[in-house]
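*Asks:* Fold the following for me, if possible:
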Amino acid sequence: MFEERQRLEEIIRLDSELNRIQDLDILLERILLEARRAVNADAGSIYIRNEDRLVIRYSQNDTQQRQLPPGQKLIYSIFTIDINEKTISGYVAAKGEPLNIPDMYNISEDAPYSFDPTYDNISKYKTVSTLTIPLQTNLGDIVGVLQLINKIDEERRVAPFTDVDQLFAMHFAGSATMALQRAQMTRAILLRMISMAQLRDPKETGAHVNRVAGYAVEIYERWAQKKEISESETEKTRDILRMAAMLHDVGKVAISDLILKKPGRFTEDEYEIMKSHTYLGARLFADKQSEFDEIASQVALTHHENWDGNGYPGKIDFTQPDLDHTAHTKTKLEPVKGEEIPLLGRIVALADVYDALSCRRAYKEAWVEADVLKEIQDCAGSKFDPELIEIFFEILPNIKQIAERYPDTH
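*Replies:* Next up, the predicted model:
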């Protein structure tokens, strides 16, 4: 009874914590982690509904994670599942009811769903017990599925999930779904803002900004780990950074279509006008109401600054009443370099350039990966913070996985 009360108190505490997380991806990762902790599951996955399919968004596995070098994240396959009764997750989404299976290798032949052990064979990890829960709104709509794998008992053995585990997981899933709906609405608002920019600049797509934001969070997380930043501070910054990074080019809404949509190279004057998107974007967050406004302003302003001081726009005076497209050219601005550039601006600068080089644009083809990586390495100490370049190459597998998660649709 005491243990159950502790678990209930923990879930109540988590309700409050989940509601403080604003970014969708950060929230999904946290939901999966906390759900596993609540029922002592060794592994698990979380899926989001996209029309009539489930898309895996995060997967975690403590056993496999312990086999990796310190700081390295588990890489998992990105795939989708039809919402129908043939698979376990598809069945749960179709029926809107949980499935608690004590042994995946002994599912009744009468069951409409089945288990494919192919991934177990590839990963050398045996899935035994599973608890699969629908993420369902108060109106009965399915927004996703949470699957918990291999409950670990007090003797460190795999055991079936209990009825009490299922009760707590269902309660947690209800709270998580409400937080998830709010985060999806926040993401939708951000993407609508980006769609406004996309009407002006076709390069500014939802896939591009999601990738840049994902890369930035991965780089920051490894940096914070190296600097021994507290878990609470790291999570708070990750949450804000991901949203701020999505809006790094929002100032382009103030740039003329004649420049934004020009297929060829800019003239010198056009390029000078293009540079103004940094401080015009930062100015959108000038009336700072929160830490998000502060970081979004920093990122918008400084994501084109270079480590050696040869970037732009330089030190802008936001008290100028006539801050316009040519404010940075009216007088010679003092350069910003090295650690004068805010850390999160330096991170987004690296993430943005990597994505720009890696992807096709109207004016260029995508570079081959080897050339992209050589360019990034060659720019260490000039364009980019050398320490961040080192981190970038350490987490390159995670970067590639994010690129796979958010492909261009054209």
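*Asks:* quick one: buried residues of the one helix or strand residue 43 maps to?
*Replies:* Using DSSP states H and E, residue 43 maps to strand 41-50. The neighbour-count check on strand 41-50 (16 or more other Cβ atoms under 10 Å) flags 41-49 as buried. For glycine as for every other residue, the C-beta is placed from the backbone atoms N, C-alpha and C.
*Asks:* Direction included, what does that strand pair up with?
*Replies:* strand 53-61 (antiparallel), strand 142-152 (antiparallel) (DSSP bridges).
*Asks:* How many neighbouring residues does the nearest residue to residue 65 once chain neighbours are set aside have?
*Replies:* Of all residues not flanking residue 65 in the chain, residue 74 sits nearest, at 5.3 Å (Cβ to Cβ, 6 or more residues apart in numbering). The criterion is other Cβ atoms under 10 Å. On that basis, residue 74 has 17 neighbouring residues.
*Asks:* So residue 74 versus residue 84, what's the distance?
*Replies:* 28 Å (Cβ to Cβ, to the nearest Å).
*Asks:* One more: residue 295?
*Replies:* Noted for residue 295: a distance of 43 Å to residue 84, by Cβ to Cβ.
*Asks:* repeat for residue 103
*Replies:* Applying Cβ to Cβ to residue 103 and residue 84 gives a distance of 23 Å.
*Asks:* Over to residue 242?
*Replies:* 33 Å.
*Asks:* residue ranges with poor pLDDT in the protein?
*Replies:* 1-5, 7-12, 197-205, 319-332, 362-363, 410 (pLDDT under 70).
*Asks:* Where is the longest helix in it?
*Replies:* For the chain, the helix with the greatest residue count under DSSP state H is helix 163-200.
*Asks:* Pull out the buried positions in it.
*Replies:* Under the neighbour-count criterion of 16+ other Cβ under 10 Å, helix 163-200 has 165-166, 168-177, 179-180, 182-183, 186-187, 190-191, 193-194, 197-198, 200 buried.
*Asks:* Go through the buried residues of strand 41-50 and say which is closest to residue 33.
*Replies:* residue 44 (8.6 Å; Cβ to Cβ).
*Asks:* Next, the contact list for the residue lying closest to the closest one once chain neighbours are set aside, please.
*Replies:* Of all residues not flanking residue 44 in the chain, residue 148 sits nearest, at 4.5 Å (Cβ to Cβ, 6+ apart). Counting by Cβ atoms under 8 Å, 6 or more residues apart in numbering, residue 148 makes contact with 35-36, 39, 41, 43-44, 130-133, 161, 169.
*Asks:* Could you break the chain into its assigned domains?
*Replies:* Domain assignment for the chain by automatic domain parsing gives 2-183, 201-405.
*Asks:* Could you check stretch 95-115 and say which residues are buried?
*Replies:* Across stretch 95-115, burial judged by 16+ other Cβ under 10 Å covers 98-102, 104, 113, 115.
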